Structures are given as structure tokens and as C-alpha cells.
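Participant: Structure for this input, please:
(2 chains)
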Amino acid sequence: MSRYFNRATAVAVLMLTASPVCAHTIVGNRVFPATLTIDDPGENDELVLPTFSYLQSTNWPSQPGPISYSLGWEYDKTITPDIALSVGSAGFTWQHNPKAEGWSNIETEAKWGFYQDPEHEFIMSVGVNAEIGNTGSPQSASLPSDPVTTITPKFFIGKGLGDTSVDWLRPFAVTGEVDYSIPTVAINGDGSTNPNVLTYGASLQYSLLYENSFVHQLPDVFNRLIPAFEGVFNTPVANIGPEPIDDFSPRDTTGVVGPSLYYVGQYFEVGVMAQIPINRASGHHVGALAVLDIFLDDIAPTSLGKPLFSAPLSPLARY
Amino acid sequence: MKLKLSHIIFAGLATLAFSAPAFAHAFLDHAVPGVGMTVGTSPAELELTFTQNLVPAFSGVHVTGPSGAVATSKPVFGPANTLHVRPVHALRPGRYAVSWHVVSVDTHRTQGTYQFTVAP
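Facilitator: Reported below is the predicted structural model:
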């Protein structure tokens, strides 16, 4: 029971803290940073190394639970300017109280940006993610990986408000993501179930970068920053197991929200976030997320950082 | 060998951390007169500095004011990420819009508009 609980807790924490895909995107005059709780809406050549998360979960009903620290990674490669593949993982997790550790599964994703309107800073993309079961730590590990492969269709959207006529609104932007995770095994050997989970999140960003370039010039110390408020939520929607009498309901929506801050430089982005659990089932107190995102498309624009297949860029062909 | 590797890693990170911020796309980094700023006298020239070096042949500026289009000199580039134009006549008090379009050396095109005010 204790082992089962640790595993369930670890999976819940990883669901909350994993940020499996990150990348920055430019649409028209808008830079959408790689956000921490959800993916940004575009495709790019980037190396995310590392992502960091810290969160303490709750032992039912309200006692402090295991504390988890995770270091993840991801590599994104554009195949064409609008199609990208990625491989990554929530990485290695150290858990305290009780002590345990282990590797998360490997994830791969294909993503297609099917609509871009540079003038209106608007972009939409779709993707499919596969978390491959048993590619992390073995089931004998103290913190085993999920043995079940999960397929997740995804939808992404981003809109900058630079096309509005109200100056103070123009630096704002919003992004959103909706996922539907479908485990490839519905019922485990021990009779427990693997629910289908709806994941949805959004970010509201205020780009000082945009304000500096287009609205009001700012001191250098501020003009690369993008403060934001964001959140992500997970709601089991199908194939949900029975209600336990001594644990949180498997029907509970879990999630985190919080303020974040991004610094976008020439070759990299750094982001930090305070993740606030929305309820006891989501965590016991405020945790943290951080990311270092290295822009391969800026470091090596003619080799590693360019799409595998694309026509040569013309100065007037593309933003 | 370990020490050398750590030096290389440190040098790489330091290069990343202290590089002048810019993007593959050229965005306006700062301008004189500043974006959204008010100046007390007519500026002798407008200076626009971008986050990337520019391709002069595909880069330019158009200025409009209270009386419509403002005649300016042809743009002069220098340093390679900075564009200068001089108004042919002194700017009268009022609000001016500077519309720029540039192509960065990696061939991405960007454009934008900002305003400044002359208010003696």
C-alpha cells in the first residue's frame, strides 16, 4: 500500500510538474517565451537543459507528503519551418520523506503549426505526444517509471495584443494548451485503472520586450523581461477508478497556478515560477519551477538550428 | 582534463550570459528620441538601434507628423545595427509616428511603428 501510494504520489507530482515541451516562438513582432506550465504555441530548434521543479505533495487528508526535486530535459528539432519533432523527459526525481529516486519515461512529440497570422500575432498548432512506458527507472526502483505508454493529442494557441489600438494593452499576450492523455493500457494487472486525463492551461503575459520596442522605451535592466501569470490543470475524465476511503478522490482536478518571470536573451531564455497548488490533492505548499532554454536556431542558424527541409529564406518571404 | 572541461563549460556559459541581447529577428532595442518619449526641441536626427545587424537594401524608415509625411534624408547605417535619418526641416510641435521596416542579416523581416512627441 505504501509502495503503491509512493508511486501514485510520484506520478501525480510528475503530472503537475513535468514541462515536457518548451520552446520560444516569434510570430510577427511577438516573442512568445517558452513557458513553464504549458508549451508555447510554435516550433523551434532548441535545447531545454535543464527544467527544474520542486513541490511537496500532501498525504491524505492534509499532512505534508513527499518532497520532490526533478531535473528534466528536451531537444526540439524542426523538420520544416512549421513541423517539429522533440524528445525529452521529466528526467530524474529525488524524493524525500520517504526517500526515493528514479528516472521518468522518455517522451517524443510531433508538432505542426497549421496557422500563423504575423500581422495579428496569432498562431495555432497541434501535436501528438507519446510517453513511452518503462523507458525510465525499472519497476524495481524506489521511484519506478510509469509502465504504461500514454498517447496525448495536443492543441496550442497564442495571441499577442499588439494589433489593438490601446497602447497599454499592446504588450499583453495570451497562450493556451489543451491535451487529452490516453493510456494504452486501461486496466492494470492488479485491477487498478489508468484514467484518460484532460489537461488544460493558459498563460497571460506582459512583454516588457514588446513595450520597449513599440510602446514606451524602458531602462535596459527591464527590457528583456516578460512577467506572466500561468497555470495548468489535470482533470481525469474517463476510466476513473473507484473512490478510495483513505486517499484523495481520483476524480479531483489537480493543478498549479502562479506568477512567473522570463528573461529572453540572444541565445537563451531563463524562466522561474512559483507554483501554487490549487488544492490539497495538488500539493502541500508553494513549489518552484525553473528552465534554461538554449536557442539552437540563434546559435547555429545555418546548421543545427535550421529546419531539415526548407526553401532558402528570402528577405521578404517570411517573418 | 577535468579542469579544462570546466573552463570550457564556464566560458561557454559566460559567453551566453553576457552576449548582447538580440534575436534572430531584428527588433527595435532603443531609439533617439525614445519610443513613446517627449522631447523639448526638434531632434536633429532620428536614431534607431536594433537587436540584430541589418541589411541596408531592405531596411528603411517613414515618418509622419501632424501635417502628414515628414521629409527625411536617406537612411544611413552605422554601426551595422543602427539606422539614422535626418528630418529635412525642423519638426514642429506635435506627435510623430516612426514606421520602420528592416531585414536582419539572417534574412528575417520585421516592421513596426512607434511614436514620440515634440513639445517645447
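Participant: From what I see, residue A:38 and residue A:176 are in contact.
Facilitator: Yes: here residue A:38 lies in contact with residue A:176, judged by C-beta atoms under 8 Å, at a distance of 7.2 Å. Using the backbone N, CA and C atoms, a C-beta is placed for each residue, glycine as well.
Participant: quick one, phi psi at the closest residue to residue A:106 other than its chain neighbours?
Facilitator: Of all residues not flanking residue A:106 in the chain, residue A:135 sits nearest, at 4.2 Å (C-beta to C-beta, 6 or more residues apart in numbering or on different chains). Main-chain torsions, residue A:135, degrees, to the nearest 10: phi -100, psi 0.
Participant: Please tell me how far residue A:135 sits from chain B.
Facilitator: Remark: distance between residue A:135 and chain B (C-beta to the nearest C-beta, to the nearest Å) = 28 Å.
Participant: try residue A:137
Facilitator: Counting by C-beta to the nearest C-beta, the gap from residue A:137 to chain B is 27 Å.
Participant: and that residue, what are its phi and psi?
Facilitator: phi -70, psi 150.
Participant: pLDDT score for it?
Facilitator: On the pLDDT scale, residue A:137 is placed at 97.
Participant: Near the residue lying closest to it once chain neighbours are set aside, how many other residues are there?
Facilitator: In space, residue A:137 comes closest to residue A:102 once its chain neighbours are excluded; the distance is 3.5 Å by C-beta to C-beta, 6+ apart. Using other C-beta atoms under 10 Å in any protein chain shown, residue A:102 has 18 other residues around it.
Participant: I'd say residue A:102 and residue A:91 touch.
Facilitator: No: the pair residue A:102 and residue A:91 fails to qualify as a contact (C-beta under 8 Å) at a distance of 10.2 Å.
Participant: So for stretch A:142-158, what gets flagged as buried?
Facilitator: A:143-150, A:152, A:154, A:156-158 (16 or more other C-beta atoms under 10 Å in any protein chain shown).
Participant: Out of those residues, which sit inside strands?
Facilitator: Those of these mapping onto strands are A:150, A:152, A:154, A:156, A:157, A:158, per DSSP state E.
Participant: Looking at these, which two lie furthest apart in space?
Facilitator: Maximum pairwise distance among those (C-beta to C-beta): 24.9 Å, between A:150 and A:158.
Participant: Tell me where the model's unsure across chain B.
Facilitator: B:1-24 (pLDDT under 70).
Participant: mind listing the helices for it?
Facilitator: Per DSSP state H, chain B carries helices over the ranges B:2-18.
Participant: you'd agree residue B:52 is up against residue B:103?
Facilitator: No: at 9.4 Å, residue B:52 does not count as touching residue B:103 under the criterion of C-beta under 8 Å.
Participant: what touches both of the two?
Facilitator: residue B:26 (C-beta atoms under 8 Å, 6 or more residues apart in numbering or on different chains).
Participant: my read: residue A:105 touches residue A:146, true?
Facilitator: Yes: with contacts counted by C-beta under 8 Å, residue A:105 reaches residue A:146, the gap being 5.8 Å.
Participant: Where does the stretch 51-200 of chain A get nearest to chain B, which residue?
Facilitator: Nearest residue of the stretch 51-200 of chain A to chain B: residue A:167, at 7.8 Å (C-beta to the nearest C-beta).
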